[in-house]
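Q: next comes the sequence, and after it the predicted model I'd like to discuss.
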Amino acid sequence: MGKTKTPKPAKNVKRKFRFNIIDVILLVIILSASAALVYIFFPSKTQENAAADRNVSITYQLYVSKVADDFKGKINIGDSVVDSVTLYGIGEVADVTYTKAMFVGVDKTEGKYVYSEYPNLIDIAVTVKADAVKTENSISVNGFTIAVGKKIPFRVPGYTGIAYCTIIDENV
Amino acid sequence: MDLNRSRVKPRFNIIDFIIVVVILGCIVGVVLRYNIADRIGVNSEQSTVEITFQIKDVRNSTADALVEGDNFYWEQNGALLGVLKEKETYEAESYYAGDDGLPYAVYSTERSDISGVLTSSGTIGEDGSFMLSGNQFIAPGKELDVVSPHIEVTIVITDIQQVK
């Protein structure tokens, strides 16, 4: 009885490329990583209408109220400002002023407000300069939306805290 | 049974190579974006610093539980914040508005304000920023929940000075 011979593959016949499971896994990883990178580097483009974007230079004010006067001098012109949650850079300190925090009382005899200073508390007004993207709906710096009234956790090399944005000016 | 099929070995082809290169590129991009090497303190030299902090308006027993020589840890991540070098305790100060609308300070004998100094170590960046243990940013203004063998309390950092 003759044995069945296994046919030998012919030489010079090109092996057909097969898309294997390793390729699928790698592709999935790449697509995920690419999506993450796009989100990290171009968040404003993915979230807003890119066609309406306009690059502008802005200055905005971060206002820190009623903190101990130990913090006087901790924020300096030229410091890089970073959003302390996302760690995105959100500008550079263009100016900073330290003023005594205001105490508001009522003179009960006269029936009027009395404004005086706390002896050991200060307010800090930080003017920040940044390149921003302005859309119909928002102004953002490096993907971080800046708006008057917004509570902004920020940090500079010598100070970290929470401020409110009180002014935004578009530089001409 | 298809014997040919069972003998096909997976081969590392050009597509796989391109994919691996792209993945490596992504990893390098992320590392550069977040300065991961610096953040984990790989490239930095440790410096000794003194961290000054305040605690406001706590019970006097809290002040007693701050023991000099104790290790203090950042509760959030267990990192060693430092060793308590010294502390000073004051009667807790607060303000009230008088009938004339002006602020008047009052002091409590039952409650305390505390200031203290921790000896710590970390890295100091070129811009003067301090990284605890080389990888945790802290600065004046930072509020931290800390623990020691005797106490759990919230402190506010008011100053960080390098020890020469």
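A: That came through, no problem. If you're wondering where the values come from, they're calculated on a predicted model, not measured in any experiment.

Q: could you use CA atoms for every contact and neighbour count after this?
A: Will do.

Q: quick one, what contacts A:Val128?
A: The contact partners of A:Val128, taken as Cα atoms under 8 Å, 6 or more residues apart in numbering or on different chains, are A:Thr59, A:Tyr60, A:Gln61, A:Leu62, A:Val81, A:Gly91, A:Glu92, A:Val93, A:Ala94, A:Asp95.

Q: tell me which helix or strand comes right after the lowest-mean-pLDDT helix or strand in chain A.
A: Sorting the helices and strands of chain A by mean pLDDT, DSSP states H and E puts helix A:43-47 at the bottom, at a mean of 54. Downstream of helix A:43-47, the next assigned helix or strand under DSSP states H and E is strand A:54-68.

Q: let me know the helix or strand that A:Glu136 is in.
A: Using DSSP H and E, A:Glu136 maps to neither a helix nor a strand.

Q: where's it relative to chain B, distance?
A: Between A:Glu136 and chain B the distance is 29 Å, computed by Cα to the nearest Cα, to the nearest Å.

Q: could you measure from that residue over to A:Val148?
A: As for A:Glu136, its distance to A:Val148 is 16 Å (criterion: Cα to Cα, to the nearest Å).

Q: give me the more crowded residue out of those two.
A: The neighbour comparison of A:Glu136 against A:Val148 (other Cα atoms under 10 Å in any protein chain shown) goes to A:Val148, with 13 against 10.

Q: tell me how many other residues surround B:Asn135.
A: Neighbours around B:Asn135, by other Cα under 10 Å: 18.

Q: got the contact list for residue 116?
A: Because you didn't say which chain, this covers chain A. Contacts of A:Ser116 (Cα under 8 Å, 6+ apart): A:Met102, A:Phe103, A:Val104, A:Gly105, B:Leu102, B:Pro103.

Q: actually, chain B is the one I wanted.
A: Contact analysis of B:Gly116 by Cα under 8 Å, 6+ apart lists B:Thr52, B:Phe53, B:Gln54, B:Leu84, B:Lys85, B:Glu86, B:Lys87, B:Glu88.

Q: parallel or antiparallel, which strands does the host helix or strand of it pair with?
A: Following DSSP H and E, one finds B:Gly116 within strand B:103-124. Using DSSP bridges, strand B:103-124 pairs in its sheet with strand B:47-59 (antiparallel), strand B:80-97 (antiparallel), strand B:130-132 (antiparallel).

Q: show me where chain A dips below the pLDDT cut-off.
A: Low-confidence segments of chain A, defined by pLDDT under 70, span residues A:1-17, A:42-52.

Q: count of residues packed around A:Leu121?
A: By other Cα under 10 Å, neighbour count at A:Leu121 equals 19.

Q: over to B:Thr109?
A: 11.

Q: same question for A:Thr145.
A: 16.

Q: any idea which element B:Phe17 lies in?
A: Using DSSP H and E, B:Phe17 falls within helix B:14-34.

Q: flag every buried residue along the longest helix seen in chain A.
A: Of all the segments of type helix in chain A, defined by DSSP state H, the longest one is helix A:21-41. Neighbour-count burial for helix A:21-41 flags A:Asp23, A:Leu26, A:Leu27, A:Ile30, A:Ala33, A:Leu37, A:Ile40 (criterion: 16 or more other Cα atoms under 10 Å in any protein chain shown).

Q: kindly export that helix (C-alpha atoms) in CSV.
A: The C-alpha trace of helix A:21-41 is given here as CSV (Å, rounded to 0.1, in the frame of the first residue of the first chain):
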residue,chain,number,x,y,z
ILE,A,21,-3.4,38.6,16.6
ILE,A,22,-0.2,40.3,17.5
ASP,A,23,-0.9,42.9,14.8
VAL,A,24,-4.4,43.5,16.1
ILE,A,25,-3.1,44.0,19.6
LEU,A,26,-0.4,46.4,18.5
LEU,A,27,-2.8,48.3,16.3
VAL,A,28,-5.2,48.7,19.2
ILE,A,29,-2.4,50.0,21.5
ILE,A,30,-1.3,52.4,18.8
LEU,A,31,-4.7,53.8,18.2
SER,A,32,-5.3,54.3,21.9
ALA,A,33,-1.9,55.9,22.4
SER,A,34,-2.5,58.2,19.4
ALA,A,35,-5.9,59.2,20.7
ALA,A,36,-4.4,60.0,24.1
LEU,A,37,-1.6,62.1,22.6
VAL,A,38,-4.0,64.0,20.4
TYR,A,39,-6.1,64.7,23.5
ILE,A,40,-3.1,65.8,25.6
PHE,A,41,-1.5,68.0,23.0
